[in-house]
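Peer 1: Predicted model and sequence follow; I will ask about them next.
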Amino acid sequence: MDKTVVLITGCSSGIGLRLAVHLASDPSKTFKVYATMRNLAKKRRLMDCVKDVHPDTMDILQMDVTDQLSVLNAKEKIEEKRVDILVCNAGVGLMGPLEAQSYETMTRIFDVNLFGTIRSIQAFLPGMKARRSGRILVTGSLGGLQGLPFNEVYCASKFAVEGVCESLAILLQQFNVQIAHLTTVFLCGAGEKDVSELPLSAITLIYYYNDAAQDTADIVKVFLDVIRADSPALRYYTSTALMPLSTLKLALQDGSQYVRTMSKIIFSANQTEDA
Ligand SMILES: NC(=O)c1ccc[n+]([C@@H]2O[C@H](COP(=O)([O-])OP(=O)(O)OC[C@H]3O[C@@H](n4cnc5c(N)ncnc54)[C@H](OP(=O)(O)O)[C@@H]3O)[C@@H](O)[C@H]2O)c1
């Protein structure tokens with residue numbers, strides 16, 4: 001039987017790496033995983049995780065989602081000449097006051113998070129449509145559901161990704177292609193990043209979300225559910241820990257309740273700090 005061909009972006013670490021390892025190590029050997037990363041010098045970690053026991057279930061390819069040529073080169077190297085499941089996972093974060101962000105930094109975030117996702121979909125969707133079969137999973141973020149202070153540009157990029165997914169979901173029903181947007185909250189360890197340059201409120205936010213931090217393994221379980229589902233939905237939440245905050249947005253549609261509550265959470269502990 002033909003293997004299910006899965007291409008994952010951003011496999012040098014985190015969710016992408018764990019998902020690639022899990023699928024490539026599946027005892028059924030039903031998956032052929034193309035684990036892609038922008039910098040192949042980082043492939044050691046992934047290789048150490050799969051050891052060399054699964055040479056027929058995984059290939060590692062270079063693919064920088066900001067580089068059209070790199071995306072097309074990766075596509076060329078797929079032996080089966082098709083991708084059944086595309087996982088758009090590559091992403092970069094950005095924290096800090098909006099006024100301090102340069103145009104170059106902001107465009108880099110959009111180039112990876114939004115246009116990188118679009119480039120990947122553009123490369124593999126035509127084949128899926130032609131075959132009338134395929135599935136696209138997109139790693140979303142809580143920052144794509146609700147605005148977060150000091151996270152404006154990142155949130156904007158992830159809100160935009162959510163818009164792409166919802167719009168495509170309607171169209172793709174006609175082609176038997178499903179798109180699923182998986183919201184992740186905050187990974188364990190994400191709060192260990194260097195915060196020395198950030199205002200105190202931003203650090204409060206990081207530690208607030210750290211309390212709701214998720215294990216990568218728990219997130220990967222949800223990805224696996226979506227991969228195995230007969231007919232996946234558009235939206236999945238890999239954690240419900242912070243959902244009450246998102247639902248506040250809908251409770252009072254003028255936004256005032258969400259803004260007040262979030263402001264209280266982030267700023268009440270630091271009344272004397274930087275405004
Ligand atoms: N970490 C969190 O708390 C969190 C929360 C919500 C959503 N997410 C989302 O989850 C996804 C996976 O992130 P993660 O948490 O697993 O973090 P991660 O470990 O930093 O993984 C991000 C991956 O994206 C790759 N990447 C960055 N720019 C790329 C590019 N131009 N082309 C191809 N790959 C690129 C990184 O490669 P390099 O190693 O080369 O940089 C890395 O492999 C992202 O979309 C992120 O926005 C993360």
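Peer 2: Structure received. Computed from a predicted structure; not experimentally measured.

Peer 1: Could you tell me which residues of the protein lie near the ligand?
Peer 2: Proximity of the chain to the ligand is confined to 9-16, 37-39, 42, 64-66, 89-92, 112, 116, 139, 141, 184, 186-187, 190 under the rule Cβ under 6 Å from any ligand atom. Every C-beta, even on glycine, is put in place using the N, C-alpha and C of the backbone.

Peer 1: any idea how far the nearest residue to residue 151 once chain neighbours are set aside lies from residue 254?
Peer 2: What sits nearest to residue 151 in space, not counting adjacent residues and going by Cβ to Cβ, 6 or more residues apart in numbering, is residue 143, at 5.5 Å. Residue 143 sits 21 Å away from residue 254 when distances are taken as Cβ to Cβ, to the nearest Å.

Peer 1: who has more neighbours, the two?
Peer 2: For the pair residue 143 and residue 254, the greater number of neighbours falls to residue 143 (26 against 7), based on other Cβ atoms under 10 Å.

Peer 1: Render the CA-only coordinates of the helix of greatest length in the chain in PDB, please.
Peer 2: Using DSSP state H to define each element, the chain has its longest helix at helix 152-172. Below are the C-alpha coordinates for helix 152-172, written out as PDB (Å, rounded to 0.1, in the frame of the first residue of the first chain):
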ATOM      1  CA  GLU A 152       1.300  43.100  18.000                       C
ATOM      2  CA  VAL A 153       3.300  42.200  14.900                       C
ATOM      3  CA  TYR A 154       3.300  38.500  15.700                       C
ATOM      4  CA  CYS A 155      -0.400  38.500  16.500                       C
ATOM      5  CA  ALA A 156      -1.100  40.400  13.200                       C
ATOM      6  CA  SER A 157       0.800  37.700  11.300                       C
ATOM      7  CA  LYS A 158      -1.100  34.900  13.000                       C
ATOM      8  CA  PHE A 159      -4.500  36.600  12.700                       C
ATOM      9  CA  ALA A 160      -3.800  36.800   9.000                       C
ATOM     10  CA  VAL A 161      -2.900  33.100   8.800                       C
ATOM     11  CA  GLU A 162      -6.300  32.400  10.500                       C
ATOM     12  CA  GLY A 163      -8.000  34.400   7.700                       C
ATOM     13  CA  VAL A 164      -6.200  32.500   5.000                       C
ATOM     14  CA  CYS A 165      -7.300  29.100   6.600                       C
ATOM     15  CA  GLU A 166     -10.900  30.100   7.100                       C
ATOM     16  CA  SER A 167     -11.200  31.500   3.600                       C
ATOM     17  CA  LEU A 168      -9.600  28.400   2.000                       C
ATOM     18  CA  ALA A 169     -11.600  26.000   4.000                       C
ATOM     19  CA  ILE A 170     -14.800  27.100   2.300                       C
ATOM     20  CA  LEU A 171     -13.300  26.700  -1.200                       C
ATOM     21  CA  LEU A 172     -11.400  23.500  -0.600                       C
END
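
Peer 1: how near is residue 244 to residue 42?
Peer 2: 37 Å.

Peer 1: hang on, the earlier thing: mind giving me the packing neighbours of the longest helix of the chain?
Peer 2: helix 103-110, helix 116-131, strand 134-141, strand 177-184 (3 or more Cβ pairs under 8 Å, 6 or more residues apart in numbering; DSSP states H and E).

Peer 1: The same query, at a cut-off of 10 Å, please.
Peer 2: Using 3 or more Cβ pairs under 10 Å, 6 or more residues apart in numbering; DSSP states H and E as the contact criterion, the elements in contact with helix 152-172 are strand 85-88, helix 103-110, helix 116-131, strand 134-141, strand 177-184, strand 235-237.

Peer 1: Buried residues, whichever helix or strand comes after the shortest one. List them.
Peer 2: Which is strand 235-237. Moving toward the C-terminus from strand 235-237, the first helix or strand encountered (DSSP states H and E) is helix 243-251. For helix 243-251, the buried set under the neighbour-count rule, 16 or more other Cβ atoms under 10 Å, comprises 243, 245, 248, 249.
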